[in-house]
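> pasting the sequence and the predicted coordinates here, then a few questions.
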Amino acid sequence: MPRTFLWTLAAVTVAFLAASAWLHSWPMARAEESAPAPAASNSTTAAAPATTADPPHKSGQGKAPSTGTGRAPYRVSPMFRDLTDADIADVLAFVGEILPWLKDDMEKMRTAEPDRFCQTCRHLRFEIAQLRRMKEQDPAGFRMAIEEKRLRYQAQELAVKARAAQMCLEYSDLMKELRKVVQRLFDVEIATREAQIKQLDNRLERLRQELKDRNSSRDKIIQDRIDELLSGKAAPAKGSPTATSAASTVP
């Protein structure tokens with residue numbers, strides 16, 4: 001009796017696994033059956049797939065690659081879009097004005113290592129955008145960030161010279177200068193981080209106060225929202241059927 005029960009249990013388990021595998025594979029099989037068959041070729045060699053040129057795109061905007069027939073193209077984030085001549089010119093202009101110690105290295109890299117130059121420009125494009133926003137929102141923080149970059153570059157240059165002059169008389173002087181620069185770099189880094197933390201604390205305090213004020217006006221806010229909804233003037237919530245239908249009518 002126990003052996004019969006075990007054989008029955010094993011048979012049921014196998015049948016269940018087979019049914020599960022069939023259920024998982026059924027949608028894929030149905031998709032393959034409904035897919036159109038590839039067109040037969042009379043040539044003896046396989047033809048190369050046809051390619052179409054990408055449509056021209058404006059400078060400052062990413063390309064909109066095709067995602068297949070019937071699908072709307074998606075936008076590429078500016079951080080990942082292709083580098084344009086305008087981007088390179090903007091990067092070099094910013095470097096010449098704000099980061100002049102990098103100018104000679106960038107020019108040499110552009111001639112000797114074009115691939116690395118493009119990678120560096122792509123990285124700097126994103127970093128420069130952040131620095132410009134910082135300059136508008138926090139001029140003091142912007143100046144400290146630029147000073148930090150200058151000191152970091154100077155420290156690297158002095159380290160290279162010190163490694164090359166280990167057996168020379170100027171090694172001691174280079175090490176003293178390097179120590180001063182690194183000490184200054186450390187102080188600037190600490191000041192920058194403290195300023196960032198202070199900004200975060202201030203923003204957090206503002207958010208706490210806004211939340212406190214909003215909570216104290218709870219009843220009024222709720223009533224105002226109800227009045228807006230009843231009047232039909234309130235904007236529909238994102239993702240609601242009303243919002244979806246309204247968005248589809250926008251040309």
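Noted; the coordinates are in hand. Numbers count the residues shown, from 1 in each chain.

> low-confidence ranges, the stretch 51-200 of the chain, go.
For the stretch 51-200 of the chain, the stretches with pLDDT under 70 are 51-80.

> show me where it has helices.
Under the criterion DSSP state H, counting those that start in this stretch, the stretch 51-200 of the chain carries helices at the ranges 85-98, 103-112, 114-137, 139-164, 171-216.

> would a markdown table of those with mean neighbour count be doable?
For every residue, glycine as well, the C-beta is placed using N, CA and C. Shown next, in a markdown table, are the helices of the stretch 51-200 of the chain (neighbours: other C-beta atoms under 10 Å):
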| stretch | mean neighbour count |
| --- | --- |
| helix 85-98 | 15 |
| helix 103-112 | 13 |
| helix 114-137 | 15 |
| helix 139-164 | 16 |
| helix 171-216 | 12 |
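
> out of these, flag the one nearest residue 225.
Comparing the helices of the stretch 51-200 of the chain against residue 225 with C-beta to C-beta, the closest turns out to be helix 171-216 (12.0 Å).

> just checking, what packs against that closest one?
Contact analysis of helix 171-216 by 3 or more C-beta pairs under 8 Å, 6 or more residues apart in numbering; DSSP states H and E lists helix 139-164 as its packing neighbours.

> for the helix it packs on, packing partners?
Other helices and strands packing on helix 139-164, by 3+ C-beta pairs under 8 Å, 6+ apart, are helix 114-137, helix 171-216.

> distance of residue 195 relative to residue 145?
Residue 195 sits 10 Å away from residue 145, taking C-beta to C-beta, to the nearest Å as the criterion.

> my read: residue 103 touches residue 94, true?
No - counting by C-beta atoms under 8 Å, residue 103 does not reach residue 94; the two are 10.4 Å apart.

> pop the domain breakdown of this structure in here.
77-137, 139-231 (automatic domain parsing).

> tell me which residues touch the nearest residue to residue 184 once chain neighbours are set aside, please.
Once flanking residues are discounted, residue 184 sits nearest to residue 151: 5.7 Å by C-beta to C-beta, 6 or more residues apart in numbering. Going by C-beta atoms under 8 Å, 6 or more residues apart in numbering, residue 151 touches 181, 184, 185, 188.

> same deal with residue 83?
118, 121, 122, 125.

> need the residues you listed in a markdown table (columns: distance to residue 131).
As requested, the contacts of residue 83 are exported to a markdown table (distance: C-beta to C-beta, whole Å):
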| residue | distance to residue 131 |
| --- | --- |
| 118 | 20 |
| 121 | 15 |
| 122 | 15 |
| 125 | 11 |
